[in-house]
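>>> one predicted model, sequence on top.
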Amino acid sequence: WAAVRPPTGLSPLPYAAALDLFDVARGIDAPVPLLLRPDGPALAGRAGDPGVPAPLWSLAGPPARRRAGERGAAGALSTLRRRLAGLTDAERDTVLLDLVRADVATVLQYPTPEDVDTTRAFRDIGLNSLTAFALRNRLRETTGLRLPAALLFEVDTPGRLAAHLKEELLRP
């Protein structure tokens, strides 16, 4: 156990303390809480960071503010619209589905975007209210679109989300 390195934002428990806590957890006849020691300085300002496990984002605090400019929402929106402008309808669908799959894979920590099933409901592929918020924010960064908080529960699959993004991006 001593060789196991905890995820970013967690400090390792001393071996004896970990075993003591494990013994206590085994004696509980109910769902067992996960015993962690968060590393505050390592988490500071890293909410939504793919290097930090999603359940820890609420402890991490908001990400550091980014400077506006070409990399801001307006820049992302205009860049994506220009990219889609010269494509066929089928190519647009592919680009947007790839974008959605990449963001979903990052937020839900899938090994690759190809592992994201675009036909399964978000709740069935691991999305919860916390990760939905993180995914919505990530999509806002990659597309430049202002997306409502409940969007991912309304469109309910990555495929439908890509179709929704296409409608929004092609709207004059």
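Arrived safely, thanks for sending. Please read all numbers here as calculations on a predicted model, not as lab measurements.
>>> can you give me the end-to-end span of stretch 114-126?
Terminal residues of stretch 114-126 lie 15 Å apart, using Cα to Cα, to the nearest Å.
>>> typo on my end, it should be stretch 148-159
End-to-end for stretch 148-159, by Cα to Cα: 17 Å.
>>> now swap in stretch 79-94 and tell me
Taking Cα to Cα, stretch 79-94 runs 17 Å from one end to the other.
>>> quick check: buried residues in that stretch?
Residues of stretch 79-94 classed as buried: 80, 84, 92 (neighbour count, 16 or more other Cβ atoms under 10 Å). Just so you know, the C-beta spots here come from the backbone N, C-alpha and C atoms, and that holds for glycine as well.
>>> number of residues surrounding the closest residue to residue 151 other than its chain neighbours?
Leaving out its chain neighbours, the residue that sits closest to residue 151 by Cβ to Cβ, 6 or more residues apart in numbering is residue 136, at 6.3 Å. Applying other Cβ atoms under 10 Å, we find 19 residues neighbouring residue 136.
>>> so what's residue 136 up against?
Counting by Cβ atoms under 8 Å, 6 or more residues apart in numbering, residue 136 makes contact with 147, 148, 149, 151, 152.
>>> who's in contact with residue 119?
Residues in contact with residue 119 (Cβ under 8 Å, 6+ apart) are 157, 159.
>>> can you confirm it is in a helix?
No - assigned with DSSP: H, G, I helix; E, B strand; the rest coil, residue 119 falls outside any helix and is coil.
>>> could you pull out the buried residues of the longest helix anywhere in the chain?
What stands out as the longest helix in the chain, according to DSSP state H, is helix 89-108. For helix 89-108, the neighbour count (16+ other Cβ under 10 Å) marks 92, 95-97, 99-108 as buried.
>>> now, among the residues you listed, which is nearest to residue 29?
Within those, proximity to residue 29 (Cβ to Cβ) peaks at residue 108, which comes in at 31.0 Å.
>>> looks like that closest one contacts residue 128 (just checking).
No - under the criterion of Cβ atoms under 8 Å, residue 108 is not in contact with residue 128, lying 9.7 Å apart.
>>> what is the mean pLDDT for the helix or strand where residue 77 lies?
Here residue 77, judged by DSSP states H and E, is contained in helix 73-85. Averaged over helix 73-85, pLDDT sits at 82.
>>> got a list of contacts for that helix?
With contacts defined as Cβ under 8 Å, 6+ apart, helix 73-85 is touched by 69, 92, 95-96, 140-146, 169-170.
>>> lowest-confidence one in those?
Within the contacts of helix 73-85, pLDDT reaches its minimum at residue 69, with 40.
>>> the closest residue to residue 145 other than its chain neighbours and residue 80, how far apart?
Sequence neighbours aside, residue 168 is the residue nearest to residue 145 in space, at 5.3 Å (criterion: Cβ to Cβ, 6+ apart). Between residue 168 and residue 80 the distance is 10 Å, computed by Cβ to Cβ, to the nearest Å.
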